[in-house]
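Asks: next input, structure requested:
(one chain, ligands or ions: 1)
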Amino acid sequence: VTAPDVAVIGGGIVGTAAAAFLAEGGARVVLFERATLAAGASGRNSGVVQSPFDPVLAQLYVDTLERYRALEARGDGGLGLKAEPAGLMLVSHDVAVAEAAARSVRASGMDLGVEVLGPGEAARVEPGLAQSVAACLVPIGYPVPPAQATRAFGAVGRRAGVGIREGTEVEPLVRDGRASGVRVVATGDELAAGAVLVAAGPWSPALVDPSGAWRPIRPLWGVVVDIALADPPRRVLEEAEIEGVTDAGGRPEADAEAAGAVGEHATETDVSFSLVTAGDSSSVGSTFLEREPDADALVAPILRRGATFVPAIAATPARGVRMCARPLSVDGRPLLGRIPGVDGLWIAAGHGPWGISTGPASAAIVADLILGRRSSVPSGLDPARFGGLRL
Ligand SMILES: Cc1cc2nc3c(=O)[nH]c(=O)nc-3n(C[C@H](O)[C@H](O)[C@H](O)COP(=O)(O)OP(=O)(O)OC[C@H]3O[C@@H](n4cnc5c(N)ncnc54)[C@H](O)[C@@H]3O)c2cc1C
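Replies: Residues are numbered from 1 along each chain as shown. So this is what the prediction gives:
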């Protein structure tokens, strides 16, 4: 077998999109996924393509949406993307929190018609809401089936010649400051490759630096409950946080020990409500936990919290529960590009709560860097901001 030009590690949204772009750009590519495509957060998220409240990430979102539209136009998408956004409601039981959310959306530089709706008004706009709920309405947000974007890029990649090896856990082979391929963990087999791209979400730092010294990305665990509401809200609902705009997953856990204990003694206060409906499936979320929780024990608290915003949730049984880890970087922005200190080793990871909304654009940037079609990384996204590896 000819050695591939690029070995990609990780079959989430970022790895599948990168593999597809690399192959379309003429590279020989093999993608290694230890489980199945979309087994991680890329298959278990809430399913909304939405502009992050961060000007550095906004362009990644715009480019990603264009790429999804191009997939849809070619018949490769299956995302059901509408022409207009569904709308996002940042909801709260306290109108002052909804007002603070509106101020903070405006301060984030988004030039949008943001509106605050008081108790009663919000329920008139979105009839499923409780009368007591206030909201900040932002005209963004496209619901999509959670795993579909990753599946679509997997199919596009296969067609472009990407070799996809599911059920194959690998690690980069690094010798003398150079990545020369990957090693299959189960067998010890080595496969040479011209370059190695680590796109393994929250598991990326451990692959880049097994010593544990380099850890710019950590997992933030989320649990989402799947229900079928008879008459679901049309808009995306997210609980507004006290600090203002939606925390969207960036909320640091003050006490990792306490977070780890969630599950057995879970309460509604561990939950920040969200509701996204795509097709006949509504995803009710979610948690933001440092340690892997007991997902089943969180179903009741998630639905209880949800029912305080959308009363119909109380009468709707859970169809399923899914859990996964957001790959959250220290500064909330992804790491895109060369790992300083190792030749031939690249990373595209750290998308936190925004990977479905920004991952494909990130993947395109790193694919172009590897193919030599671009030479610099957009400001604020270069992995070098976290220093290099000491080998
Ligand atoms: C509850 C929740 C809700 C979310 N909702 C949204 C949302 O509505 N909108 C949005 O934009 N984003 C959302 N996100 C964030 C989004 O899901 C992630 O940012 C994104 O999926 C990360 O993609 P990734 O490809 O970097 O990582 P992952 O999806 O984690 O993929 C990494 C893959 O690498 C594989 N892997 C790991 N180690 C190895 C190895 N050694 N060898 C081979 N394979 C390996 C894993 O099995 C995994 O499949 C949500 C996240 C969570 C947890």
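
Asks: if I pick residue 227, what's in contact with it?
Replies: Contact partners of residue 227, counting by CB atoms under 8 Å, 6 or more residues apart in numbering, are 281-282, 284, 303, 313, 316-319. Heads up, the C-betas are built off the backbone N, CA and C, glycines and all.

Asks: what does stretch 74-89 contact?
Replies: 48-50, 65, 68-69, 71-72, 117, 122, 125-126, 129, 135-145, 148-149, 151-152, 155-156, 233-238, 278-279.

Asks: try 6 Å this time
Replies: 68, 71-72, 135, 137-144, 148, 152, 156, 234-237 (CB atoms under 6 Å, 6 or more residues apart in numbering).

Asks: secondary structure class of the closest residue to residue 161 other than its chain neighbours, three-state.
Replies: With CB to CB, 6 or more residues apart in numbering as the criterion, residue 161 has its nearest non-adjacent residue at 5.0 Å, and that residue is residue 23. Following DSSP: H, G, I helix; E, B strand; the rest coil, the label given to residue 23 is helix.

Asks: thought residue 23 was touching residue 162?
Replies: Yes: using CB atoms under 6 Å, residue 23 is in contact with residue 162, at 4.8 Å.

Asks: could you list the low-pLDDT ranges of the stretch 201-350 of the chain?
Replies: Across the stretch 201-350 of the chain, residues meeting the criterion (pLDDT under 70) sit at 242-269.

Asks: the same query, at a cut-off of 90, please.
Replies: Along the stretch 201-350 of the chain, segments meeting pLDDT under 90 span 241-270, 278-279.

Asks: re earlier: can you say which of the contacts of stretch 74-89 are buried?
Replies: For the contacts of stretch 74-89, a burial check counting by 16 or more other CB atoms under 10 Å picks out 68, 71, 135, 137-138, 140-144, 148, 152, 156, 235-237.

Asks: hmm, which two among the residues you listed are most spread apart?
Replies: 135 and 156 (37.4 Å; CB to CB).

Asks: coming back round to it: out of the buried ones among the contacts of stretch 74-89, which sit inside helices?
Replies: 68, 71, 148, 152, 156 (DSSP state H).

Asks: in a markdown table: the residues you listed, plus distance to the ligand and pLDDT.
Replies: Supplementary listing: these in a markdown table, determined by distance: CB to the nearest ligand atom, whole Å; pLDDT from 0 to 100:
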| residue | distance to the ligand | pLDDT |
| --- | --- | --- |
| 68 | 11 | 98 |
| 71 | 16 | 96 |
| 148 | 12 | 97 |
| 152 | 14 | 98 |
| 156 | 15 | 98 |
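
Asks: closest to residue 168 out of the residues you listed?
Replies: residue 156 (20.5 Å).

Asks: in which helix or strand does the nearest residue to the closest one once chain neighbours are set aside reside?
Replies: Closest residue to residue 156 apart from its sequence neighbours, by CB to CB, 6+ apart: residue 20 at 4.6 Å. Per DSSP states H and E: residue 20 is located in helix 13-24.

Asks: from the contact counts, what lies against that helix?
Replies: Counting contacts by 3 or more CB pairs under 6 Å, 6 or more residues apart in numbering; DSSP states H and E, helix 13-24 is packed against strand 6-9, strand 29-33, helix 148-159, helix 355-370.

Asks: mean neighbour count, these: which tops it?
Replies: strand 6-9 (a mean of 30; mean count of other CB atoms under 10 Å).

Asks: run through who's touching it.
Replies: Contacts for strand 6-9 (CB under 6 Å, 6+ apart): 15, 18-19, 22, 27, 29-32, 170, 182, 193, 195-200.

Asks: list only those of these flagged as buried.
Replies: 15, 18-19, 22, 27, 29-32, 170, 182, 193, 195-200.

Asks: thinking again about what came up before, buried ones among the contacts of residue 227?
Replies: Buried among the contacts of residue 227 (16+ other CB under 10 Å): 281-282, 284, 303, 313, 316, 318.

Asks: would you format the residues you listed as CSV with secondary structure included?
Replies: Listed next are the buried ones among the contacts of residue 227 as CSV, based on three-state DSSP:
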residue, secondary structure
281, strand
282, strand
284, strand
303, helix
313, helix
316, coil
318, coil
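
Asks: among those, which pair sits farthest apart?
Replies: 281 and 303 (15.0 Å).

Asks: which stretches of the stretch 51-200 of the chain have low pLDDT?
Replies: 53-55, 104-113.

Asks: which residue would be the closest one in it to the ligand?
Replies: Residue of the stretch 51-200 of the chain nearest the ligand, by CB to the nearest ligand atom: residue 200 (3.7 Å).

Asks: what sits against the residue in the stretch 251-391 of the chain positioned nearest to the ligand?
Replies: Nearest residue of the stretch 251-391 of the chain to the ligand (CB to the nearest ligand atom) works out as residue 355 at 2.2 Å. By CB under 6 Å, 6+ apart, residue 355 lies in contact with residue 13.

Asks: switch to 8 Å and redo it
Replies: By CB under 8 Å, 6+ apart, the neighbours of residue 355 are 12-14, 41-42, 45, 201, 326-327.

Asks: export the residues you listed as JSON lines, with columns for distance to residue 210 and neighbour count.
Replies: JSON lines is the format used below for those (distance: CB to CB, whole Å; neighbours: other CB atoms under 10 Å):
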{"residue": "12", "distance to residue 210": "21", "neighbour count": "32"}
{"residue": "13", "distance to residue 210": "25", "neighbour count": "34"}
{"residue": "14", "distance to residue 210": "21", "neighbour count": "34"}
{"residue": "41", "distance to residue 210": "22", "neighbour count": "29"}
{"residue": "42", "distance to residue 210": "24", "neighbour count": "28"}
{"residue": "45", "distance to residue 210": "28", "neighbour count": "30"}
{"residue": "201", "distance to residue 210": "17", "neighbour count": "26"}
{"residue": "326", "distance to residue 210": "22", "neighbour count": "26"}
{"residue": "327", "distance to residue 210": "18", "neighbour count": "29"}
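
Asks: mind putting these in TSV, distance to residue 93 included?
Replies: Formatted as TSV, these follow (distance: CB to CB, whole Å):
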residue	distance to residue 93
12	35
13	33
14	36
41	29
42	32
45	26
201	33
326	25
327	31
